[in-house]
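Undergrad: attaching a predicted model along with its sequence, questions to come.
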Amino acid sequence: MERSWGSINSADRGWYVSARQEQREDAEEEEEEKEQEESSPLLRNGPQIQEYSGVSFSFSVFNLMNAIMGSSILGLAYIMANTGIIVFSIMLLIVAILASYSVHLLLTMCIQTAVTSYEDLGLFAFGSFGKVAVASTIIIQNIGAMSTYLLVIKTELPDAISQFLTGDYSGSWYLDGRILLIIICVCIVFPLALLPKLGFLGYASSLSFFFKAFFALVVIVKKWSIPCPLTLNHGGEFFQISNITEDCIPKLFNFSKESAYAIPTMAFSFLCHTSVLPIYCELQRPSKSRMQNVTNMGIALSFLIYFLSALFGYLTFYGKAESEVLQGYSKYLPHDVVVMAVKLCILFAVLLTVPLIHFPARKAMIMAFFPNRPFSWIHHFLVTLALNIVIVLLALYVPDIRNIFGIVGSSTSTCLVFVYPGLFYLKLSREDFISQKKLGACGLLLFGILVGSLSFALIIFNWINK
């Protein structure tokens, strides 16, 4: 039975009034947030919303996973080899959780400001400087991502072609990765990137998710096809290149100078923040909580695939894991049909994904440096050509894929995943500084700055002392 007001003593009355006031404030805050979501121009596009029902929850998860998972899946086994299983697992989980939380902050700001792009969020927070900073970061990030894909083509395509040849064709131009890379970029990547719309490639690129899932499955299965100690087949003779007492024991903790590449590569792996708002706009029955569930599901499934491919890749090669794990399978299983199929799948996914990554990079460049400029084919051609030249030069002259993961991951990836969401939220939120979300945003910002700066400095130090 509810107590009457008179039966409540003076000490309890203060608590009772305070509790009722907090309940009213919470209810008003929830109602205000609901009204913001319902009235947001981001989600209210007039008659268009009625004509187009949006993308389902499951397909939105799929689209987000397709945005998350890239070439970094090929380098995670190398990271585990240089950090140890336990350290790698903890670090990967932390980065995944922080990536999900940073998306939560982005969605909150998205509702408050009604913007539909990362660049506009920077404009809303810090004016033209913020817009240019975000756009420049996206340009560098996408250039790095495209370069890693082209590096895969340069290293894996010659080996794939040689599998279909009999006899000795060493020295032939069609087995030179650099020549093949230039031919593919000139004849395929650049013409496709020039198209104003690539809708058909958008559907085709969705196959890349299945290819990466197939890759993870093959990595798990092939762990039992390459015995340890590792043996190298050369001219019909087998040479043992690892010691079973040392190299075939998995390490739970391992620290070396290569460990500096861990967090940058993981940040590179979970970067999907430039795709979150477009996916949100097309989500069926859009709301912040529904989009957050899409994000949590996409990041969790991506984490699972990343972890399994890294774990079994490491348990296959141990300390001999290559920075690009397909190179290890080329070395120890040179004529395996399944490995050959995986290479072809990865190459096909790369070939269709690179032109698509041109689009956000070109959009960011135009928004930052050529705003309010009407569309021109000459301008469109020159910007696309400039981007293509830069990524080809990087792919030709960067010797190792981990270098791009390290530099781009420690700079632009940490900014887009950690620094910008925390910084923008601190700037735009009207909450008290000691509120839970603002403290979380402050922690995210400090984590990004400290880890990114430290990793970048260690990577540069390693280069200088080689």
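TA: Yep, it's here.
Undergrad: which other residues reach the host helix or strand of residue 391?
TA: In the assignment (DSSP states H and E), residue 391 maps to helix 377-397. Under the criterion Cβ atoms under 8 Å, 6 or more residues apart in numbering, residues 143-144, 146-147, 150-151, 153-154, 178, 181-182, 185, 189-190, 193-194, 196, 354, 358, 361-362, 365-366, 370, 373, 404 lie in contact with helix 377-397. Where C-beta positions appear, they are placed from N, C-alpha and C, glycine not excepted.
Undergrad: okay, and the helix or strand of this structure with the least pLDDT?
TA: Lowest by mean pLDDT, DSSP states H and E among the helices and strands of the chain is helix 47-51, with a mean of 40.
Undergrad: next, the buried residues of whichever helix or strand comes after that one.
TA: Once the chain leaves helix 47-51, the next helix or strand it forms, by DSSP H and E, is helix 57-68. Neighbour counts over helix 57-68 (16 or more other Cβ atoms under 10 Å) mark 57, 59-68 as buried.
Undergrad: try stretch 372-384
TA: For stretch 372-384, using 16+ other Cβ under 10 Å, the buried residues are 383-384.
Undergrad: over to stretch 127-134?
TA: By neighbour count on 16+ other Cβ under 10 Å, the buried set for stretch 127-134 is 130-134.
Undergrad: swap in stretch 251-261?
TA: 251, 254, 258-261.
Undergrad: same check on stretch 211-228?
TA: Neighbour counts over stretch 211-228 (16+ other Cβ under 10 Å) mark 211-220, 222-223, 226, 228 as buried.
Undergrad: need phi/psi at residue 323.
TA: Per-residue torsions, residue 323: phi -70, psi -20 (degrees, to the nearest 10).
Undergrad: what about the buried residues of stretch 127-134, which are in helices?
TA: 130-134 (DSSP state H).
Undergrad: now stretch 390-397: average pLDDT?
TA: Mean pLDDT, stretch 390-397: 93.
Undergrad: cool, stretch 358-365 as well?
TA: Rounded mean pLDDT across stretch 358-365 is 86.
Undergrad: renumber starting at 604 from here on
TA: Let's use 604 as the start, then, which means that last one is stretch 961-968.
Undergrad: which residues touch that stretch?
TA: Stretch 961-968 is contacted by residues 722, 737-739, 741-742, 745-746, 749, 796, 801, 877, 983, 986-987, 990-991 when judged by Cβ under 8 Å, 6+ apart.
Undergrad: now do it: distance to the chain's middle.
TA: Using Cα atoms, centre = their mean, to the nearest Å, the distance from the centre of stretch 961-968 to the centre of the chain it belongs to is 16 Å.
Undergrad: and stretch 920-938, by the same measure?
TA: With Cα atoms, centre = their mean as the basis, stretch 920-938 stands 23 Å off its chain's centre.
Undergrad: can I have that stretch written out in PDB, keeping just the CAs?
TA: Output of stretch 920-938 as PDB, limited to C-alpha atoms (Å, rounded to 0.1, in the frame of the first residue of the first chain):
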ATOM      1  CA  PHE A 920      52.900 -20.300 -39.300                       C
ATOM      2  CA  TYR A 921      53.700 -19.200 -35.700                       C
ATOM      3  CA  GLY A 922      56.700 -16.800 -35.700                       C
ATOM      4  CA  LYS A 923      57.100 -17.200 -39.500                       C
ATOM      5  CA  ALA A 924      53.700 -15.500 -40.200                       C
ATOM      6  CA  GLU A 925      54.100 -13.000 -43.100                       C
ATOM      7  CA  SER A 926      52.800  -9.500 -42.900                       C
ATOM      8  CA  GLU A 927      50.400 -10.500 -45.700                       C
ATOM      9  CA  VAL A 928      49.300 -14.000 -44.800                       C
ATOM     10  CA  LEU A 929      48.600 -15.200 -48.300                       C
ATOM     11  CA  GLN A 930      52.300 -15.100 -49.000                       C
ATOM     12  CA  GLY A 931      52.800 -17.800 -46.400                       C
ATOM     13  CA  TYR A 932      50.400 -20.100 -48.200                       C
ATOM     14  CA  SER A 933      52.100 -19.400 -51.500                       C
ATOM     15  CA  LYS A 934      55.400 -20.400 -50.000                       C
ATOM     16  CA  TYR A 935      54.400 -23.600 -48.100                       C
ATOM     17  CA  LEU A 936      51.400 -24.700 -50.300                       C
ATOM     18  CA  PRO A 937      52.400 -23.500 -53.800                       C
ATOM     19  CA  HIS A 938      50.100 -25.800 -55.700                       C
END
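Undergrad: list the buried residues in that stretch.
TA: 920-936.
Undergrad: same question for stretch 1025-1035.
TA: 1025-1029, 1031-1032.
Undergrad: for the stretch 804-953 of the chain, give me the ranges with low pLDDT.
TA: 804-809, 834-849 (pLDDT under 70).
Undergrad: one more time with 80
TA: Filtered on pLDDT under 80, the stretch 804-953 of the chain yields the residue ranges 804-812, 831-851, 937.
Undergrad: quick one: contacts for the closest residue in space to residue 1032 that isn't next to it in sequence?
TA: Distances taken as Cβ to Cβ, 6 or more residues apart in numbering place residue 1041 nearest to residue 1032, at 6.1 Å, with adjacent residues excluded. Going by Cβ under 8 Å, 6+ apart, residue 1041 touches 1028-1029, 1032, 1034-1035.
Undergrad: swap the cut-off to 7 Å and go again
TA: By Cβ atoms under 7 Å, 6 or more residues apart in numbering, the residues touching residue 1041 are 1029, 1032, 1034.
Undergrad: repeat for residue 752
TA: Going by Cβ under 7 Å, 6+ apart, residue 752 touches 674, 953, 956-957.
Undergrad: now those in a markdown table, with neighbour count, secondary structure and distance to residue 868?
TA: Conversion of the contacts of residue 752 to a markdown table gives the following (neighbours: other Cβ atoms under 10 Å; DSSP: H, G, I helix; E, B strand; the rest coil; distance: Cβ to Cβ, whole Å):
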| residue | neighbour count | secondary structure | distance to residue 868 |
| --- | --- | --- | --- |
| 674 | 26 | helix | 10 |
| 953 | 24 | helix | 18 |
| 956 | 20 | helix | 18 |
| 957 | 27 | helix | 20 |
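Undergrad: wait, which of these is closest to residue 1059?
TA: Taking Cβ to Cβ as the measure, residue 1059 sits nearest to residue 674 out of the contacts of residue 752, at 20.1 Å.
Undergrad: correct me, but that closest one touches residue 750?
TA: No: if you go by Cβ atoms under 7 Å, residue 674 and residue 750 don't touch, sitting 9.3 Å apart.
Undergrad: mutual contacts of these two, please.
TA: By Cβ under 7 Å, 6+ apart, no residue touches both residue 674 and residue 750.
Undergrad: tally up the residues packed near residue 1002, please.
TA: 8 (other Cβ atoms under 10 Å).
Undergrad: do residue 1011 as well
TA: Neighbour tally, residue 1011, other Cβ under 10 Å: 25.
Undergrad: so what's it up against?
TA: 743-744, 747, 871.
Undergrad: got TSV for those residues, with neighbour count too?
TA: Listed next are these as TSV, based on neighbours: other Cβ atoms under 10 Å:
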residue	neighbour count
743	20
744	26
747	24
871	28
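Undergrad: cool, thanks, signing off.
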